[in-house]
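**Q** Pasting the sequence and the predicted model now:
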Amino acid sequence: MLFLRCPYCHKLVLRLFYSSHTAKHTLLRPDGQQVEYSTLPPTDRYEGSLDGVPQLYRHPKCGVVTRMPEDIIRSYLVNPFLYGAGSFCCGCGEHLPENDLFWCETGQNMAEYTAELRNDYIRKYGAPPRSND
Ligand SMILES: [Zn+2]
Ligand SMILES: [Zn+2]
């Protein structure tokens, strides 16, 4: 494939420029968060109600609660394999392993929750989605 779909801005990018292009999106802001996180294109995101879907998570070590951005939630509800490298803690100002974070609404560990979403996906589709490259 000559062009790859950028998971951040969803434009088609020439393969040759793909890594320098996506690197721009993952630069860190002064507060430690990435400039942008990869998401599914808006039309591919989960469009249902987020009732009952946990959206706030707490880092017990610093006690600070962080809100998961809705576009990210709607992306991983469709593809739970999109993330997994950890999540940002507003208290610590850095990305932490999902194992260190807990959903406020359910008390469930985030790593456990992600594993459940992935198991559901595999049960439904038989295999994880194919990646971009
Ligand atoms: Zn892009
Ligand atoms: Zn923290």
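**A** Good, I have the coordinates. Ligands and ions are numbered 1, 2, ... in the order given.

**Q** Please report how far the residue nearest the centre of the chain lies from residue 107.
**A** The centroid of the chain falls nearest to residue 83 when counting by C-alpha atoms, centre = their mean (4.1 Å). Applying C-beta to C-beta, to the nearest Å, the value for residue 83 to residue 107 is 21 Å. In short, each C-beta sits where N, CA and C put it, glycine included.

**Q** The residue nearest to the centre of the chain should be in a strand, yeah?
**A** No: looking at residue 83 with DSSP: H, G, I helix; E, B strand; the rest coil, it is coil, so not inside a strand.

**Q** Can you give me the neighbour number for the closest residue to it other than its chain neighbours?
**A** Take residue 83 and drop its neighbours on the chain: the residue closest to it by C-beta to C-beta, 6 or more residues apart in numbering is residue 76, 5.7 Å away. Here the number of neighbours of residue 76 (other C-beta atoms under 10 Å) works out to 22.

**Q** Now the phi/psi pair for residue 76, please.
**A** phi -80, psi -20 (degrees, to the nearest 10).
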